[in-house]
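1. Requesting a structural model of the entry that follows:
(one chain, ligands or ions: 1)
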Amino acid sequence: MIAVAIDGPAGAGKSTIAKTIAKKLAYIYVDTGALYRAVALNTLHNGTDPSDEEKIANMLKKTCIELKFIDGVQRVFLNGEDVSDNIRTSEVSMTASKVSALPIVRSFLLDLQRDIAKKNNILMDGRDIGTVVLPNAQVKIFLTASAECRAKRRYNDYLVAGNTTESYEEILKDIQQRDYQDSHRTTAPLRQADDAVLVDTSDDTLEQSVEKIIAIISKKL
Ligand code: DC
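-> Model prediction:
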């Protein structure tokens with residue numbers, strides 16, 4: 001099986017780029033952020049403090065998270081319910097960043113991610129795929145862009161979707177806070193693996209980033 005690991009901060013374009021490439025290569029695209037988001041949604045549903053490891057550990061004992069691929073498209077299930085759409089709010093984003101710092105949450109989700117990689121050719125995106133989840137991935141990419149550029153893209157995406165509730169400044173602040181939390185946690189912090197190729201998408205169009213990464217994959221395989 002072939003695994004391409006794509007790690008990087010929020011808003012670098014990982015999911016859009018990885019989805020496009022997965023389609024071209026006929027690989028399965030796995031968005032691991034959705035798993036942390038599902039845990040976050042459960043935390044919010046239960047009113048559990050996202051930093052209270054003991055309470056979260058108890059909650060996880062009664063939590064079932066599954067990934068299913070329907071026509072090649074990932075759906076995430078929380079206790080049997082498809083929550084793929086409900087996990088895309090900024091409240092869930094921020095809570096996901098908090099719960100993902102807990103070792104108990106990371107180990108709870110580890111085997112699920114590794115099992116998918118055992119059975120399929122995949123492009124998997126996240127924060128620790130190249131460093132922790134799949135250290136033997138054949139290709140590792142670290143995808144990044146300036147915080148301002150990532151905030152601008154997210155702001156434009158929201159505008160296109162008709163969502164005008166968040167200003168550019170608020171989005172930038174959220175992104176900077178999540179960057180800090182994701183890269184300063186003790187367990188599996190966001191960092192570039194030693195053998196990952198760095199790709200900065202700040203000045204690239206989607207097509208240019210896709211081409212760059214396909215060239216890296218072709219060279220490695
Ligand atoms: O990629 P995303 O924005 O959907 O991820 C949501 C949060 O989950 C992010 O702030 C950090 C966390 N995460 C993680 O710690 N490890 C991963 N492999 C993927 C996401």
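
2. from here on, contacts and neighbour counts on C-alpha atoms
-> Fine.

3. Backbone dihedrals for Val30, please?
-> phi -120, psi 120 (degrees, to the nearest 10).

4. Can you pull out the low-pLDDT segments for this protein?
-> By pLDDT under 70, the chain has no low-scoring segment.

5. Which positions in it make contact with the ligand?
-> Residues of the chain lying close to the ligand (Cα under 6 Å from any ligand atom) are 10, 32-34, 36-37, 93, 96-97, 100, 126-129, 178, 182.

6. mind redoing it with 8 Å?
-> Contact residues of the chain with respect to the ligand, defined by Cα under 8 Å from any ligand atom, are listed as 7, 9-11, 14-15, 31-37, 93-101, 106, 125-129, 178-179, 181-182, 188-190.

7. Just to be sure, which of the residues you listed are found in helices?
-> 14-15, 33-37, 93-99, 106, 178-179, 181-182 (DSSP state H).

8. I'd like the distance between Asn136 and Gly33.
-> Using Cα to Cα, to the nearest Å, Asn136 is found at 20 Å from Gly33.

9. what about the two, which has more around it?
-> Between Asn136 and Gly33, counted using other Cα atoms under 10 Å, the more crowded position is Gly33 (19 against 15).

10. The more buried one against Gly126, yeah?
-> Yes: assessed by Cα atoms under 8 Å, Gly33 is found in contact with Gly126 at 5.9 Å.

11. What residues sit buried inside stretch 212-221?
-> Applying a neighbour-count criterion of 16 or more other Cα atoms under 10 Å, one finds 213, 216-217 buried in stretch 212-221.

12. Repeat that for stretch 19-33.
-> Going by 16+ other Cα under 10 Å, stretch 19-33 has these buried residues: 19, 21-22, 27-33.

13. Present those as CSV; the columns should include distance to Asp174.
-> Listed next are the buried residues of stretch 19-33 as CSV, based on distance: Cα to Cα, whole Å:
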residue, distance to Asp174
Lys19, 24
Ile21, 28
Ala22, 29
Tyr27, 32
Ile28, 30
Tyr29, 26
Val30, 24
Asp31, 20
Thr32, 20
Gly33, 16
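
14. Out of these, which is nearest to the ligand?
-> Closest approach between those and the ligand, by Cα to the nearest ligand atom: Gly33, at 3.6 Å.

15. quick one, strands of the protein?
-> Secondary structure of the chain (DSSP state E): strands at 3-7, 28-31, 65-70, 73-78, 81-82, 122-126, 139-144, 197-200.

16. name the helices or strands packed onto the fourth one?
-> If I follow you right, that is strand 73-78. Applying 3 or more Cα pairs under 8 Å, 6 or more residues apart in numbering; DSSP states H and E, we find strand 73-78 packed against strand 28-31, helix 33-46, strand 65-70.
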